[in-house]
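Asker: from the sequence below, what's the structure:
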Amino acid sequence: MNQGMNPIVIDADDLQRHPESIMRKYCAAVGIPFTEDLLQWPSGDDILHTWMAPDGLIQGNKLGNEGGFYDVALQSTCFGPPRETPSRASLREDVRHMADASMPFYEKMYKHRIKP
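Answerer: The predicted structure is shown next:
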């Protein structure tokens, strides 16, 4: 269902390398004001209480706290550089297969991303 609107596409690596540029363009695209506060935040898991996620995920340590999936994000205070992309050879065969199958869709979306 397109309804005449193009989706907003943000590449995570672009956001991490050029956070101010990407966030300014994102804010303009969605019609909200850009503020410098969008580039920094306090670390910690207080934000989890505002998420609309099942309590079991949060309490079951799947989203935050020690060893949770989002630990790096929850301990961050700003955008950091992207991680190095793993080499193709280091990926398991099933992961390589899925990456290959997904690549045409990624490339199509990448062409339409907000550019720094």
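Asker: give me the helix or strand of this structure that scores worst on average pLDDT.
Answerer: The least trusted helix or strand in the chain, going by mean pLDDT, DSSP states H and E, turns out to be helix 55-59, with a mean of 59.
Asker: my read is Ser43 is in a strand, agree?
Answerer: No - counting by DSSP: H, G, I helix; E, B strand; the rest coil, Ser43 is not part of a strand but coil.
Asker: how far away is it from Val72?
Answerer: Separation of Ser43 from Val72 (CB to CB, to the nearest Å): 10 Å. Every residue, glycine included, has its C-beta placed from N, CA and C.
Asker: and Leu39, by the same measure?
Answerer: Taking CB to CB as the measure, Leu39 falls 17 Å from Val72.
Asker: which one's more surrounded, these two?
Answerer: The neighbour comparison of Leu39 against Val72 (other CB atoms under 10 Å) goes to Leu39, with 14 against 10.
Asker: where do the helices of this protein begin and end?
Answerer: Assigned by DSSP state H, the chain shows helices spanning 12-17, 19-30, 55-59, 71-75, 93-111.
Asker: could I get these as a markdown table with distance to Leu48?
Answerer: Output for the helices of the chain, formatted as a markdown table (distance: least, CB to CB, whole Å):
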| stretch | distance to Leu48 |
| --- | --- |
| helix 12-17 | 21 |
| helix 19-30 | 22 |
| helix 55-59 | 5 |
| helix 71-75 | 8 |
| helix 93-111 | 29 |
